[in-house]
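S.K.: I would like the atomic coordinates for the input below:
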Amino acid sequence: MLRVRLAGPMTTIPSNRTRADAVGSLTQEIRLRHVMRLRRQDELRQRHRADRGAIIVAVAASVLSVVACVYFYRTGHLLGYHDTYSHLEISRRILVGRTTGIAQLGAIWLPLPHILQSLLAWNTTLYTTGLAGSIVSMIAFVACAVLIYRIIRVYSPDRVSPGYAGAAVFMLGANMLHHQSTPMDELPFYAFALAAVYGMIRWADTERPTFLLQAALASMAAMLCRYEGWFLAGMLTLTVPVIARRIGCSWPDTRGLTGMFAAFGLFTSSTGWMLYNQLIAGSPLNFLTGPNSSADQMARRTTDVETGHLGKTLLAYGNALLAEHGLAMIVVAGLGLLVLGIGERFSARSLPVLVLGSIMPFFVATIYRGQAPMGMPPVNEYLLNARFALIGALPAAILTGYLVSRLPKRLIPMAAVIVVTGTAGLSITAFRQDGLVSVREVTEDLSAQQDQARVADFLRGHTTGPIMLDLVGNERAAFPVLDRVIYDGTKIGRENVWKQALASPRSVGAHVVLMRGSGPRGADAVFTALHGTAAMAGSEVVYEADGYTVCQFLS
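M.R.: Residues are numbered from 1 along each chain as shown. Predicted coordinates for the structure are as follows:
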């Protein structure tokens, strides 16, 4: 190195060897950048091919979704589950009615599906037809199909056929096609649960923590859809440190990643919901033990023979799995689980799939402990909550796709075709033979609601002005006249007027009073408080049937 002193500061003139080394380093850096650029372009091309496959799945799922919705709308099975009316009413009350606002969400059912439905339920046509909720379920159905495809592509990056096969298992399930047409809250939960599982698998496969953050946010949303999402979030939180250690994270990084997931994926939703319950209902655990909670409803039930009897619980849930999915799909999914265990050996990227499948044992434990009812012949004489077994379609679809991906390469396309055509054939057979257990349950529910349907028609066609009624147990009766209803959430200004209404209906502006004095649901709060009292002086009975009495005040 030659140093020369000039008029200014010391200047260093590099020697020939130094200059050559610098040129060599620059050339090496250029080559490295070129290689990285080519790698990024290759990744983009692969991602484009994968996205093209996802687009095909999304289009197919959209077509199936719309066709199924139109079919069940025409057959009258879009609305029918008793809970569909409650979901739609909650969604509409947020923006439309005598009392609006976020408090109309109530403090029992989780809020996110109702918030999503409220974006459409303000429209009277979409509300009364049930399409306000159906559209939300349909969008979630398409998202589920795409997520299943993408999960399988993680295990089969060079083949699209297994992804198509797995997505078809989900998309072509006859009972799933019906359920995605209804205004229920299962499909939004399925979508967010799959998004959480997908994020976890991608994190385990790529070691990029951004995927773990995405999984945490999806878990947060799933927890705000259904309570089994709380179990899923807890299990995923426990899985994070296991995966972190298996992919080589240090203990400090493992603690940080676990804390991040727990904060966003578990504690944000749970503490937020308990705080909301405290503000709205006066107890952070109102959703667990308060009026009309699951515990409160189960305390009044006496016909659930599967509760407390493990054998009957397993038989009921097993029969529900068979009715929802069929024996062939259960067998194929079982083989997929076996192959996953052998092929992955409980690898980091396989654990989220196993966690997703653990929701089914969770349901079994919930039914056995009497925390939720389930009716399934021959254990029961009636159908109730058979949809608890519908969650099995998610791991079944993923496991089927994984099974196809592990066959010899020359057999994969043919196996995928067999899965798609076989699933389609089973669904077509189920439709032709009226073998959809979800439709049978809806039909039973519709039959049980005829008393409410008749009084609802009377209220809509023969009354005017505000109607006072107890909304709990009378959801179907209130459905077409919801905008006129005074109920236990009605406010004048900032004051809840329900107690005042139970003492004097006319003082809160009620023109009509609906009472339920008997029937399977027993007497309601309005009948108990007002029947035969002086507060009803000046009214006349204008309808009386099926245990219902409608009184109208003479001006």
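
S.K.: so what does Leu436 have for phi and psi?
M.R.: Dihedral pair for Leu436: phi -90, psi 110, per degrees, to the nearest 10.

S.K.: what about Tyr276, neighbour count?
M.R.: Tyr276 is flanked by 18 other residues according to other C-beta atoms under 10 Å. Heads up, the C-betas are built off the backbone N, CA and C, glycines and all.

S.K.: for the one 4 residues further on, same thing?
M.R.: Counted with other C-beta under 10 Å, the burial measure for Ile280 works out to 16 neighbours.

S.K.: and Gly370, by the same measure?
M.R.: Using other C-beta under 10 Å, Gly370 has 17 other residues around it.

S.K.: next one: the one 4 residues further on
M.R.: Summarising burial for Met374: neighbours were counted as other C-beta under 10 Å, giving 26.

S.K.: for it, give me its contacts.
M.R.: Taking C-beta atoms under 8 Å, 6 or more residues apart in numbering, we find Met374 in contact with Asp304, Glu306, Thr313, Ala316, Tyr317, Ala320, Ile367, Asn380, Leu384, Asn385, Ala386, Phe388.

S.K.: let's see that with 7 Å instead.
M.R.: Glu306, Ala316, Tyr317, Ile367, Leu384, Asn385, Phe388 (C-beta atoms under 7 Å, 6 or more residues apart in numbering).

S.K.: what helix or strand is the fourth one on?
M.R.: Per DSSP states H and E: Ile367 is located in helix 359-368.

S.K.: for that helix, name the packing helices and strands.
M.R.: helix 228-246, helix 310-325 (3 or more C-beta pairs under 7 Å, 6 or more residues apart in numbering; DSSP states H and E).

S.K.: report the distance from that helix to the chain centre.
M.R.: Helix 359-368 sits 17 Å away from the centroid of its parent chain (C-alpha atoms, centre = their mean, to the nearest Å).

S.K.: what angle do it and helix 310-325 make?
M.R.: 130 degrees (axes from the mean of the first three to the mean of the last three C-alpha atoms, to 10 degrees).

S.K.: would you mark the buried spots in helix 359-368?
M.R.: Buried positions in helix 359-368, judged by neighbour count with 16 or more other C-beta atoms under 10 Å: Ile359, Met360, Phe362, Phe363, Val364, Thr366, Ile367, Tyr368.

S.K.: what of stretch 455-471?
M.R.: Within stretch 455-471, the residues scored as buried using 16+ other C-beta under 10 Å are Val455, Ala456, Phe458, Leu459, Thr463, Pro466, Ile467, Met468, Leu469, Asp470, Leu471.

S.K.: start to end distance for that stretch?
M.R.: For stretch 455-471, the first-to-last residue distance is 14 Å (C-alpha to C-alpha, to the nearest Å).

S.K.: assumed Phe527 was part of a strand.
M.R.: No: read with DSSP: H, G, I helix; E, B strand; the rest coil, Phe527 is helix and lies in no strand.

S.K.: give me the three-state assignment for the residue lying closest to it once chain neighbours are set aside.
M.R.: Of all residues beyond its chain neighbours, the one nearest Phe527 is Met515 (4.0 Å), with distances taken as C-beta to C-beta, 6 or more residues apart in numbering. State at Met515, reduced to three classes by three-state DSSP: strand.

S.K.: mean confidence score for the helix or strand where Ala68 lies?
M.R.: Assigned by DSSP H and E, Ala68 falls within helix 16-75. Helix 16-75 carries an average pLDDT of 75.

S.K.: same thing with stretch 183-193?
M.R.: The average pLDDT for stretch 183-193 rounds to 98.

S.K.: got a list of contacts for that stretch?
M.R.: Under the contact criterion C-beta under 7 Å, 6+ apart, stretch 183-193 has outside partners 81, 83-84, 87-88, 112-113, 116-117, 130, 132-134, 136-137, 140-141, 143-144, 179-180, 218, 221-222, 225-226, 229, 232, 356, 387, 390, 394.

S.K.: how about the helices in the stretch 101-250 of the chain?
M.R.: 112-121, 124-129, 131-155, 161-171, 174-179, 186-206, 209-223, 228-246 (DSSP state H, counting those that start in this stretch).

S.K.: winner for burial among these?
M.R.: Greatest average neighbour count among these goes to helix 161-171 (a mean of 28), per mean count of other C-beta atoms under 10 Å.

S.K.: neighbouring contacts of that one?
M.R.: 53, 57, 60-61, 64, 144-145, 148-149, 152-153, 156, 176, 329, 393, 396-398, 400-401, 404-405, 412-413, 416, 419-420, 423.

S.K.: before we move on, what about stretch 58-73?
M.R.: The contact list for stretch 58-73 (C-beta under 7 Å, 6+ apart) reads Leu78, Ser134, Met138, Phe141, Val142, Ala145, Val146, Met171, Leu177, His178, Gln180, Ser181.

S.K.: contact partners for the last one?
M.R.: It refers to Ser181. Here Ser181 is in contact with Ala68, Cys69, Phe72, Leu78, Ser134, Ser137 (C-beta under 7 Å, 6+ apart).

S.K.: and the third one, by the same measure?
M.R.: Shown here is Met138, whose contacts under the criterion C-beta under 7 Å, 6+ apart are Ser65, Cys69, Gln180.

S.K.: mind doing that once more with 10 Å?
M.R.: Shown in contact with Met138 (C-beta atoms under 10 Å, 6 or more residues apart in numbering): Ala61, Ser62, Leu64, Ser65, Val66, Ala68, Cys69, Leu131, Gln180, Ser181, Thr182, Leu187.

S.K.: ok, now how distant is the fifth one from Thr129?
M.R.: Using C-beta to C-beta, to the nearest Å, Val66 is found at 15 Å from Thr129.

S.K.: just the fourth one next, same as before
M.R.: Ser65 sits 16 Å away from Thr129 when distances are taken as C-beta to C-beta.

S.K.: before we move on, what about Ala320?
M.R.: Distance of Ala320 to Thr129, given as C-beta to C-beta: 29 Å.

S.K.: what do you get for Arg454?
M.R.: Distance of Arg454 to Thr129, given as C-beta to C-beta: 20 Å.

S.K.: what do you get for Val142?
M.R.: Look at Val142 and Thr129: by C-beta to C-beta, they are 20 Å apart.

S.K.: check Phe458 too.
M.R.: Per C-beta to C-beta, Phe458 is found 21 Å from Thr129.

S.K.: what sits against Ile299?
M.R.: Actually, residue 299 is Ala rather than Ile. Ala299 touches Ser293, Gly370, counting by C-beta under 10 Å, 6+ apart.

S.K.: report pLDDT for it.
M.R.: Ala299 carries a pLDDT value of 84.

S.K.: then Leu446?
M.R.: At Leu446, pLDDT is 93.

S.K.: I'd say it and Ala453 touch.
M.R.: Yes: with contact defined as C-beta atoms under 10 Å, Leu446 reaches Ala453; the gap is 8.1 Å.

S.K.: shared neighbours, those two?
M.R.: In terms of C-beta under 10 Å, 6+ apart, Leu446 and Ala453 are both contacted by the residues Arg476.

S.K.: and the gap between Lys491 and Asp483?
M.R.: Taking C-beta to C-beta, one finds Lys491 at 15 Å from Asp483.

S.K.: same question, His531
M.R.: As judged by C-beta to C-beta, His531 and Asp483 stand 26 Å apart.

S.K.: so where is this protein shaky, pLDDT-wise?
M.R.: Within the chain, the ranges that satisfy pLDDT under 70 run 1-27, 29-50.

S.K.: where does the spatially most central residue of it sit relative to Thr366, distance-wise?
M.R.: In the chain, the C-alpha nearest the mean C-alpha coordinate belongs to Phe189, at 1.7 Å (C-alpha atoms, centre = their mean). According to C-beta to C-beta, Phe189 stands 15 Å off from Thr366.
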